[in-house]
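Participant: Let me see the structure of the following:
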Amino acid sequence: MRYRLYSRLGLSNSAITRIFSLSLATNWLGYILLAGVVCAFGVIQLPAKWGIGVLALRLTGFGLLLCIAAYLWLCAFAKRRRWSVKGQTLVLPSLPMAGAQLVASCVNWLAMAAIIFILLNYRVDFPLVLGVLLVSSIAGVIVHIPAGIGVLEGVFVAMLGGGHLSHGSIIAALLAYRAIYFIAPLLLAIMLYLWLEGRAKTLREKNLRQ
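Facilitator: Residues are numbered from 1 along each chain as shown. Prediction:
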């Protein structure tokens, strides 16, 4: 849908590719930063049956933080700023843009965790909720399930269930989270998309004149 809309607005394939690349990179840069902090400082402990010990988790966290440091260093000091990948040109952003990427993405991930934290009635520490959310998100990517349906719930139940939180209360909170974070914005986006589709021809002509 995004590709169709961008194309109708007059953007070239290369411009659309750069938009998609920037969007994906921004999302995962914030994830890597927060996951690095959560893992490196021992905020979470994975279930023993997962086979990942505390040391491995902390080393993974420091490795993720090094990746972010390397990215920021490249954005600040790299002499080569462009790469060609399968005929598409990717441009390394400036350091201020990289900082903006990290801030925007971290705010998004923290907002997701904050919604779940509130829906759980503050009965779990916020850093732990954030850590479990990050684990469930990467698990959802690995198993290729859209929006992590079932995976999010399974990870939260595995890591938070059995204590002072019942499985039912966790599932209820996550269902409400999906309605707030996914369904409500989706309905708004559909209305906005239909409005833009109706104005696409006019906006395209305006963009071409510019």
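
Participant: List of residues touching stretch 42-52?
Facilitator: 37-38, 54, 57-58, 127-128, 130-132, 135, 158-159 (Cβ atoms under 8 Å, 6 or more residues apart in numbering). For glycine as for every other residue, the C-beta is placed from the backbone atoms N, C-alpha and C.

Participant: Which SSE is immediately downstream of the helix or strand Ala25 falls within?
Facilitator: Under the criterion of DSSP states H and E, Ala25 resides in helix 13-40. With elements assigned by DSSP H and E, the helix or strand that comes after helix 13-40 is helix 54-77.

Participant: Which positions within that following helix qualify as buried?
Facilitator: 57, 61, 64-65, 68, 71, 74-75 (16 or more other Cβ atoms under 10 Å).

Participant: residues in contact with the residue most central in space within the chain?
Facilitator: The residue lying closest to the centre of the chain (Cα atoms, centre = their mean) is Asn27, at 4.0 Å. Residues near Asn27 by Cβ under 8 Å, 6+ apart: 105, 108.

Participant: Tell me the pLDDT of it.
Facilitator: Here the pLDDT value assigned to Asn27 is 95.

Participant: I'd like to know how far it sits from Ser137.
Facilitator: From Asn27 across to Ser137, the span is 10 Å (Cβ to Cβ, to the nearest Å).

Participant: Pull the residues that contact the helix or strand of the chain with the lowest mean pLDDT.
Facilitator: Among the helical and strand segments of the chain, the one scoring lowest on mean pLDDT, DSSP states H and E is strand 88-91, with a mean of 76. Residues from elsewhere that reach strand 88-91, judged by Cβ under 8 Å, 6+ apart: 14, 17-18, 21, 81-84.

Participant: buried sites along the helix or strand immediately after it in the chain?
Facilitator: Remark: after strand 88-91, the chain's next helix or strand is helix 95-119, criterion DSSP H and E. Buried residues in helix 95-119, counted by 16+ other Cβ under 10 Å: 98, 101-102, 105-106, 109-110, 112-113, 115-117, 119.
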